[in-house]
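**Student:** After the sequence you'll find the predicted model.
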Amino acid sequence: MNGFDHAVTENSATDGAGAPAVKTVLVAGGAGFVGARLCQRLLASGASVICVDNLQTGRMANIDPMMEEAMFRFIRHDIIAPLEFSAPVDEIYNLACPASPPKYQLDPVHTFKTSVLGALNLLGLARNKGARILQASTSEIYGDPLCSPQPESYLGNVNPVGPRSCYDEGKRAAETLFHDYGLQHGVSIKIARIFNTYGPGMAPDDGRVVSNFIIQALRGEPITIYGNGSQTRSFCFVDDLLDGLMLLMASPHEVSYPVNLGNETEFTVAELAKLVLAKTGSSSNTIHNALPIDDPRQRRPDIVLARRVLGWRPEVSLDAGLDRTIPWFRAQLAVALPSLEEVA
């Protein structure tokens, strides 16, 4: 047994009075934007947390405040390779995959491997440990939807050979693996279809629309809108998403079907730009570039199922969420950061 195994086993053991074992939770992608905040929530709940990340897009800065916690362990590992250790695990959250188009398109083959091989490896670990496991899927499995809002029953409109396909189809394949593993091996599986999420902790060079607009506005750079700005998104504040993920993980075994998690209030990209400019007090102008290939024209979740089976619905409006997010980016700009053009 190595030192890591020993430490986790101690955290998971009963105490001298025979108290119940501490729950051990593995978070793959735990150094990422959502993963790190999930690790914090789990630690606060009294769980022992194993954070696994290859640091491709995750950042040590996200987990540095937890590194001295006795109940927190970090493993640098790429989940496209099997992960093995003898310590017990009760729950696994699979959040390991770049979610920003500029990030996942840098190495599309690796992105696809992360979704497919990563899912297989973590499902195998869950089976071996007797753990329940949650897949962080995405609204991108719906592609460029032909209906709105998008219910879980909608089968999608996805291009399998486009620049976004490595992510979209990888996540669709991962859902299939989770579904089949649950049926064939009895593993308790959960599938969350996550819609656009934002909030404090996002990397300034994340590449998604909220972070791009805020950084450009704070720097006085032109706000870059792709297309005419009429395409829509539904923005979910990260704390609301975490509530939904944890409720889904705790749901009964039979809740093994995909569940949408997102904010059902829809905004055009142009409306988002106007709101960010107003809240930052920026004098930036807006410029328009060509719409990327396969960029969805509409994105809005149907969350009737989440309300019914989880009792969940988002509480934070975009207006309030931006008020909590913009100060985070202001603080990040106190450090010398490259421009978005330099990052690209």
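**Tutor:** It's in.

**Student:** Which residue ranges of the stretch 201-344 of the chain form helices?
**Tutor:** Per DSSP state H, counting those that start in this stretch, the stretch 201-344 of the chain has helices spanning 209-219, 238-249, 269-280, 304-310, 318-332, 340-343. These are given in chain order.

**Student:** and the direction of the second one versus that of helix 318-332, what angle?
**Tutor:** Between the direction of helix 238-249 and that of helix 318-332, the angle (axes from the mean of the first three to the mean of the last three C-alpha atoms, to 10 degrees) works out to 110 degrees.

**Student:** Would you quantify the distance from Gly162 to Pro292?
**Tutor:** Applying C-beta to C-beta, to the nearest Å, the value for Gly162 to Pro292 is 10 Å. Bear in mind the C-beta positions are built from the backbone N, C-alpha and C, glycine included.

**Student:** Also Asp107?
**Tutor:** As it turns out, when the distance is counted by C-beta to C-beta, Asp107 lies 18 Å from Pro292.

**Student:** and what of Glu175?
**Tutor:** Counting by C-beta to C-beta, the separation of Glu175 from Pro292 is 24 Å.

**Student:** And those two? Which one has more around it.
**Tutor:** Taking neighbours as other C-beta atoms under 10 Å, Glu175 and Pro292 compare with Glu175 leading, 21 against 14.

**Student:** quick one, phi psi at that one?
**Tutor:** Listed backbone geometry of Glu175 is phi -60, psi -40, with angles given as degrees, to the nearest 10.

**Student:** Report pLDDT for it.
**Tutor:** As predicted, Glu175 sits at a pLDDT of 98.

**Student:** tell me the contacts of it?
**Tutor:** Neighbouring residues of Glu175 by C-beta atoms under 8 Å, 6 or more residues apart in numbering: Gln135, Ser137, Ile141, Ile191, Pro258.

**Student:** Farthest-apart pair in those, please.
**Tutor:** The widest separation within the contacts of Glu175, taken as C-beta to C-beta, falls between Gln135 and Ile141 and amounts to 11.0 Å.

**Student:** thinking again about what came up before, now tabulate the helices of the stretch 201-344 of the chain in TSV and tack on mean pLDDT, mean neighbour count and distance to Glu152.
**Tutor:** What follows is the helices of the stretch 201-344 of the chain, written out as TSV (pLDDT from 0 to 100; neighbours: other C-beta atoms under 10 Å; distance: least, C-beta to C-beta, whole Å):
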stretch	mean pLDDT	mean neighbour count	distance to Glu152
helix 209-219	96	22	24
helix 238-249	98	21	13
helix 269-280	97	18	25
helix 304-310	98	16	6
helix 318-332	97	16	23
helix 340-343	49	12	34
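
**Student:** and those helices as TSV, adding distance to Val22?
**Tutor:** Listed next are those as TSV, based on distance: least, C-beta to C-beta, whole Å:
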stretch	distance to Val22
helix 209-219	35
helix 238-249	16
helix 269-280	42
helix 304-310	25
helix 318-332	31
helix 340-343	40
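
**Student:** Relative to Asn62, how far out is the nearest residue to Pro65 once chain neighbours are set aside?
**Tutor:** Across the structure, with C-beta to C-beta, 6 or more residues apart in numbering as the measure, the residue nearest Pro65 apart from its sequence neighbours is Gln40 (8.0 Å). Relative to Asn62, Gln40 is positioned 9 Å away (criterion: C-beta to C-beta).

**Student:** Those two - which one has more neighbours?
**Tutor:** Neighbours around Gln40 and Asn62, counted as other C-beta under 10 Å, are more numerous at Asn62. The numbers are 23 against 20.

**Student:** The more buried one contacts Phe74, correct?
**Tutor:** No. Applying C-beta atoms under 8 Å, one finds Asn62 not in contact with Phe74, separated by 10.7 Å.
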